[in-house]
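Trainee: Kindly return the folded structure for what I paste below:
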Amino acid sequence: MPQDGPSLPPVRLRSDAELARDALAAPLLTRAVRLARWAGPETRVGAGGELAEEQLPAAARELGLGDDEDGPAVASEAWRTAVDAALVDVRDPEAEDAEYGTVTAGENLALIASGSPQDVLGIWLEALEAVHADAIAPLLDDLTDAIGEDGEIDLGMLEWDPEAEAEFLDGVLGNLYLLTVADEGAAEQPVPLPALAASMIVPDDMGEPTDDVLEQVSDAMMRLDDQFRLLEPIGLVDYQPVDEALMAEVADGDGGPVEDDEDVSRYGLVRLTPLGLYGIRARMLEAGVDAPAVGELADKGADALLDGLGRYPEHAARAETELWLARREPAPAAAELLAAARGTDEGGPLRRLLCQQALSLVGPPAEAEVRAVLDDRELGGLARVWLAERGAADVPPPPESMIFWLSIDTLAAQLDAAGESEELRGLVEGLTGRHSGFFDAAWRVDHPATADVLDAMGRLHPDKRAAKEARKAAFKARSQRPS
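Mentor: Residues are numbered from 1 along each chain as shown. Sure thing, here's the model as predicted:
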């Protein structure tokens, strides 16, 4: 497979309108918008933009949390989000002796009601960045312990590395993203927190984790529990926290590895929401990571489509092709696909295989375009296969040279798509079983991949004699190739 393709499978995202609705429904952003609309000329803020402490009870009442002992803390968090997302604009005190600054509506507040879905998502991403920064910040207890006699925070005592903290959390979120997009069915299944922590700590080649590694996993799991509790209200994840009794066990040093018959949900369960998939992908793109999305190729030409589909899993490739075809008339689309499938370059075989799969979605309207390439050396074979699969009449039999050329082309495409898989092993065995003397004819096929295909057949064929014949044929094919 080409090495310059995307490192991640494509994600299937909801529409911007649906995502924007999800963003507006995120509890933290909802509360931030509510406080931004509540704020007025009498609202007082400190030098850092924080809401004055004596106003926190009123803010909590505005959020319907007046009787909740955590109401002021929730209001404080929502206010910080309103500031970070530019829902309010904080101004420093105008007079030198003034204790508090003032607040006006921020530039983003009006966009919440009148902006486009993209505007809303942009505001949500700003809020997400702020929450992410909070999630990697030192714990409050650690900050308290690090305050010196002079009232200043001793950063050295904290043993806090912001870059390492961000890298670890981003790595966990990246693994969660990959688990979600690699298998669409996995999107509905939450991931146990110990598995996520272990994915970042336990080396791949480690058999049984050591006690030290298990302790690191346990510590990471507790840190992730704090972080996911912060990330859930912004709508990034659905999270079931670690059981409080289990946390007490870990704090006392009694927590051990997860037993096979233990309820894994006690250790915390997390999954990315559809909005979370959008958010993590946006952060990846900002960091320069190639994170494709289904639908990105819909407005591009057939050449870009076929080149891109080669790196997509089957379900995503079909969805991308359907979106591409939906924007075009069937017959011109078929002609464009066939034209893009031509070529003797390394990617040509896989393009032709993908073209054939795409044409299967076009159906009968493609028949005239397919028949037009029956005599084409590169496309005539796939055209006959496509017509035969639909029971079409008057399909001319292929010449023997085309049969062998198509066989080499198909095997080259499979090698490119999936490597030396078990499926390809079966295809090789079946092909040579149906055609006696296959290797005597195959090495003469004028196809750029002939020698490489025969080499692979030599490695894959279970019969030693046939494998040896394949290797000899590969040598002959290379000998006849011009220098």
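Trainee: Kindly provide the whole-number mean pLDDT of stretch 301-311.
Mentor: Averaged across stretch 301-311, pLDDT comes to 94.
Trainee: and if you look at stretch 452-471?
Mentor: Stretch 452-471 comes out at a mean pLDDT of 94.
Trainee: Dump the C-alpha coordinates for it into PDB.
Mentor: The C-alpha trace of stretch 452-471 is given here as PDB (Å, rounded to 0.1, in the frame of the first residue of the first chain):
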ATOM      1  CA  ASP A 452       6.200  -9.000  -8.200                       C
ATOM      2  CA  VAL A 453       2.900 -10.900  -8.400                       C
ATOM      3  CA  LEU A 454       4.700 -14.100  -9.200                       C
ATOM      4  CA  ASP A 455       7.100 -13.600  -6.400                       C
ATOM      5  CA  ALA A 456       4.200 -13.200  -4.000                       C
ATOM      6  CA  MET A 457       2.500 -16.300  -5.400                       C
ATOM      7  CA  GLY A 458       5.700 -18.200  -4.700                       C
ATOM      8  CA  ARG A 459       5.500 -17.100  -1.000                       C
ATOM      9  CA  LEU A 460       1.800 -17.700  -0.700                       C
ATOM     10  CA  HIS A 461       1.100 -21.000  -2.500                       C
ATOM     11  CA  PRO A 462       0.800 -23.900  -0.100                       C
ATOM     12  CA  ASP A 463       2.000 -26.400  -2.600                       C
ATOM     13  CA  LYS A 464       5.800 -26.500  -2.700                       C
ATOM     14  CA  ARG A 465       6.100 -27.500  -6.300                       C
ATOM     15  CA  ALA A 466       3.700 -24.800  -7.400                       C
ATOM     16  CA  ALA A 467       5.500 -22.200  -5.200                       C
ATOM     17  CA  LYS A 468       8.800 -23.200  -6.900                       C
ATOM     18  CA  GLU A 469       7.300 -22.800 -10.300                       C
ATOM     19  CA  ALA A 470       6.100 -19.300  -9.400                       C
ATOM     20  CA  ARG A 471       9.500 -18.200  -8.300                       C
END
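Trainee: Give me the buried positions along it.
Mentor: 452-458, 460-461, 466-467, 469-470 (16 or more other C-beta atoms under 10 Å). (Glycine included, C-beta is placed from N, CA and C.)
Trainee: Check stretch 164-172 too.
Mentor: Buried-residue list, stretch 164-172, by 16+ other C-beta under 10 Å: 165, 168, 169, 170, 172.
Trainee: And for stretch 34-43?
Mentor: 34, 35, 36, 37, 38, 39, 43.
Trainee: shaky segments in the stretch 251-400 of the chain?
Mentor: For the stretch 251-400 of the chain, applying pLDDT under 70 flags the ranges 251-262.
Trainee: Repeat that for the stretch 51-200 of the chain.
Mentor: For the stretch 51-200 of the chain, the ranges with pLDDT under 70 are 95-97, 139-159, 183-187.
Trainee: the helices in it, which residues?
Mentor: In the stretch 51-200 of the chain, the segments counted as helices under DSSP state H, counting those that start in this stretch are 56-62, 71-84, 109-114, 117-135, 140-145, 155-158, 162-182, 193-201.
Trainee: Tell me which of these lies nearest to residue 432.
Mentor: helix 162-182 (33.9 Å; C-beta to C-beta).
Trainee: Return the list of helices and strands in contact with that closest one.
Mentor: helix 117-135, helix 193-201, helix 211-231, strand 269-272, helix 274-286 (3 or more C-beta pairs under 8 Å, 6 or more residues apart in numbering; DSSP states H and E).
Trainee: could you check the angle helix 117-135 makes with that helix?
Mentor: 130 degrees (axes from the mean of the first three to the mean of the last three C-alpha atoms, to 10 degrees).
Trainee: quick one: helix 162-182 to helix 193-201, angle?
Mentor: Inter-element angle recorded for helix 162-182 and helix 193-201: 120 degrees (by the same axes, to 10 degrees).
Trainee: Ok, which of the helices of the stretch 51-200 of the chain comes nearest residue 418?
Mentor: helix 162-182 (15.1 Å).
Trainee: Contacts for that closest one next, please.
Mentor: For helix 162-182, contacts defined as C-beta atoms under 8 Å, 6 or more residues apart in numbering pick out 8-12, 132, 135-136, 186-187, 191, 196-197, 199-200, 220, 224, 227, 237, 270-272, 277, 280-281, 283-284, 287, 291, 313.
Trainee: And the pLDDT for residue 8?
Mentor: So residue 8 comes in at 86 (pLDDT).
Trainee: Please tell me I have it right and it contacts residue 291.
Mentor: Yes. In this structure, residue 8 is within contact of residue 291 by C-beta atoms under 8 Å, at 5.0 Å.
Trainee: list residues touching both of those two?
Mentor: By C-beta under 8 Å, 6+ apart, the residues touching both residue 8 and residue 291 are 177, 284.
Trainee: Looking at those two, which has the bigger crowd around it?
Mentor: residue 291 (23 against 18; other C-beta atoms under 10 Å).
Trainee: right, and that one touches residue 11 too?
Mentor: Yes. Under the criterion of C-beta under 8 Å, residue 291 makes contact with residue 11 at 7.0 Å.
Trainee: tell me, what's touching these two both at once?
Mentor: With C-beta under 8 Å, 6+ apart as the test, residue 291 and residue 11 both reach 177, 281.
Trainee: Around residue 362, count how many other residues there are.
Mentor: Neighbour number of residue 362 under other C-beta under 10 Å is 20.
Trainee: So it is in contact with residue 325, correct?
Mentor: Yes. Using C-beta under 8 Å, residue 362 is in contact with residue 325, at 6.4 Å.
Trainee: Tell me who's in contact with residue 56.
Mentor: Here residue 56 is in contact with 72, 75, 76 (C-beta under 8 Å, 6+ apart).
Trainee: residues in contact with the second one?
Mentor: Counting by C-beta under 8 Å, 6+ apart, residue 75 touches 31, 35, 51, 56, 59, 60, 62, 63, 65.
Trainee: hang on, the earlier thing: give me the common contacts of residue 362 and residue 325.
Mentor: Joint contacts of residue 362 and residue 325 (C-beta under 8 Å, 6+ apart) are residue 333.
Trainee: Where do the strands of this protein begin and end?
Mentor: 88-91, 102-105, 191-192, 237-240, 269-272 (DSSP state E).
Trainee: Which strands or helices does the first one pack on?
Mentor: The one in question is strand 88-91. By 3+ C-beta pairs under 8 Å, 6+ apart, strand 88-91 packs against strand 102-105.
Trainee: Measure how far the strand it packs on is from the centre of its chain, please.
Mentor: Remark: strand 102-105 is offset 39 Å from the chain centroid, using C-alpha atoms, centre = their mean, to the nearest Å.
Trainee: Give me the sheet partners of that strand and which way each runs.
Mentor: strand 88-91 (antiparallel) (DSSP bridges).
Trainee: Quick check: buried residues in the strand it pairs with?
Mentor: Neighbour count says strand 88-91 has 88, 89, 90 buried, by 16+ other C-beta under 10 Å.
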